[in-house]
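From the sequence below, what's the structure:
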Amino acid sequence: MRIKFRRALLAKPRLFGVVFVMLAGAGYGTGPWFAQNLERNGANPMGFLTARFVVSAAILLAVRLIRMHGAKWPSFNDAMKIFLLGAFGFFVSPLLYFIALHDLDSGLVVVIFYIYPALAILLSWAVYKHKPNRVIVVCLFTTLAGVWLTAGQVGDGNFKGILITFLSAIGHAIYVVAAGTISKKADPLTMLTIALIGAASAFVLVSLLGPSSLDPKFPVNSQGWLLILTMAFLITIVATALFFAGIKRIGPGVTSMVETFEAVVTISIGVLFMNETVTAIQILGTVIVLGSIVAIGLAESSAESRDKTQPGEHPVLHSGSVLDLPIS
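Residues are numbered from 1 along each chain as shown. I've put the predicted structure just below:
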């Protein structure tokens, strides 16, 4: 079974990249549910995010030492790039996102935050010189429209909350584009371990030296810490491993659009477990988002087939795809 799966990965790396990022988005989409329940157990965003990344980094460091005992770490320069990627990407955007949820309706936060795929594609165009083609542009607009519909009726918001959410979107776009290059600096396990150590270091440093407004509050009972452990494993380790595996195959541009599946999962969990209601418009938005992701997956698969029949030529869906990265 493992051999067949590896052969499939080698045959359709970009199609599997879409699947990996979609699964990562599903994991990230559970975040608001965890946040709500952790706050009920005494934690605030700074507290549960600090605990989440410290626990995740400790687990992965132990796993790497056991599985890759004696293996060399990346060079200092490469390790610092990965460390800073984690310190920035896992600290700035998630913290701002969860803080914004206190000032704005969740629907408005989702709508503003998910302008980041457009920002990521523009940044990818500027950094990698890959001009988005017609398919990418169409899928981008349909995906954003689907997210807007899925988020439901946008409520009123204050300027502070809107600005915080917008900064979160900018931070995540920069993180996604930077990860497209930095993800090849080390093997997946080492990459994820160093990135999470960077995130944990950033949260601990700010917890100790930051302003009182960022003082962490941790869970006050065992149920809260069980949620932290689950969050660390599901959202941080598993989802981020899938994210890195996906972005190495399809690049930041396509990754940013497929990751919008997170919004669909967030809304679905809200309906199923958080007593939220769903409307026909939200169902339509969900269908549009899923349809756009399926279209991207089919286009990536078709591009791979053309690559095999026309070696030496670049695929049509070259926007943001990192085609020369090794398959892990």
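
What's the local residue count around the residue nearest to residue 261 when sequence neighbours are not counted?
In space, residue 261 comes closest to residue 25 once its chain neighbours are excluded; the distance is 3.9 Å by CB to CB, 6 or more residues apart in numbering. All C-beta atoms are positioned from the backbone trio N, CA, C, and that covers glycine. A total of 24 residues lie near residue 25 under the criterion other CB atoms under 10 Å.

Which residues lie in contact with residue 25 in this structure?
For residue 25, the contacting residues are 258, 259, 260, 261, 262, 265, by CB atoms under 8 Å, 6 or more residues apart in numbering.

residues contacting residue 160?
Per CB under 8 Å, 6+ apart, neighbours of residue 160: residue 103.

that older thread, secondary structure element for the residue nearest to residue 261?
helix 13-28 (DSSP states H and E).

Now that helix: average pLDDT?
Averaging pLDDT along helix 13-28 gives 86.

next one: it to chain centre, how far?
Chain-centre distance of helix 13-28: 10 Å, with CA atoms, centre = their mean, to the nearest Å.

Tell me the helices and strands packed up against the next helix or strand after it.
The first helix or strand that comes after helix 13-28 along the chain, using DSSP H and E, is helix 31-40. Packing contacts for helix 31-40, counted by 3 or more CB pairs under 8 Å, 6 or more residues apart in numbering; DSSP states H and E, involve helix 45-67, helix 92-100, helix 222-231, helix 261-273.

for these, which one sits closest to residue 212?
helix 45-67 (10.9 Å; CB to CB).

what's the angle between that closest one and helix 222-231?
Interaxial angle of helix 45-67 relative to helix 222-231 (axes from the mean of the first three to the mean of the last three CA atoms, to 10 degrees): 60 degrees.

Tell me the buried residues in helix 45-67?
45-57, 59-60, 64 (16 or more other CB atoms under 10 Å).

Over to stretch 195-207?
In stretch 195-207, counting by 16+ other CB under 10 Å, buried: 195, 196, 197, 198, 199, 200, 201, 202, 203, 206, 207.

Identify all contacting residues around that stretch.
46, 49-50, 53-54, 56-58, 60-61, 82-91, 214-216, 236-237, 240.

again, but for stretch 223-233
Counting by CB under 8 Å, 6+ apart, 31, 34, 37-38, 41-43, 48, 51-53, 55-56, 59, 218-219 sit against stretch 223-233.

Give the helix, strand or coil label for residue 69.
Going by DSSP: H, G, I helix; E, B strand; the rest coil, the secondary structure assigned to residue 69 is coil.

can you tell me the helix or strand for the nearest residue in space to residue 240 that is not next to it in sequence?
Leaving aside its chain neighbours, residue 240 sits nearest to residue 192 (6.1 Å; criterion: CB to CB, 6+ apart). Secondary structure assignment for residue 192, by DSSP H and E: helix 188-209.

what about that helix, distance to the chain center?
Between the centre of helix 188-209 and the centre of its host chain there is 16 Å, according to CA atoms, centre = their mean.

and that helix, what's its mean pLDDT?
91.

how many degrees apart are that helix and helix 92-100 in direction?
50 degrees.

Listing request: residues of the stretch 1-150 of the chain with sub-threshold pLDDT.
1-11, 105-108, 111, 130-133, 135-136, 140, 143-144, 147-148, 150 (pLDDT under 70).

Let's see that with 50 instead.
Along the stretch 1-150 of the chain, no part satisfies pLDDT under 50.

and if you look at the stretch 201-328 of the chain?
Looking at the stretch 201-328 of the chain by pLDDT under 50, you get 309-328.

what are the ranges of the helices in it?
222-231, 239-258, 261-273, 280-309 (DSSP state H, counting those that start in this stretch).

can I get the CA coordinates of the third one in PDB?
Backbone C-alpha positions of helix 261-273 (Å, rounded to 0.1, in the frame of the first residue of the first chain) are rendered in PDB as follows:
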ATOM      1  CA  PHE A 261     -11.400  25.500   2.100                       C
ATOM      2  CA  GLU A 262     -10.700  26.400   5.700                       C
ATOM      3  CA  ALA A 263     -13.700  28.900   5.500                       C
ATOM      4  CA  VAL A 264     -16.000  26.100   4.400                       C
ATOM      5  CA  VAL A 265     -14.900  23.900   7.300                       C
ATOM      6  CA  THR A 266     -15.200  26.700   9.800                       C
ATOM      7  CA  ILE A 267     -18.800  27.500   8.800                       C
ATOM      8  CA  SER A 268     -19.700  23.800   8.800                       C
ATOM      9  CA  ILE A 269     -18.300  23.200  12.300                       C
ATOM     10  CA  GLY A 270     -20.200  26.300  13.400                       C
ATOM     11  CA  VAL A 271     -23.500  24.900  12.200                       C
ATOM     12  CA  LEU A 272     -22.800  21.300  13.500                       C
ATOM     13  CA  PHE A 273     -21.300  22.000  16.900                       C
END
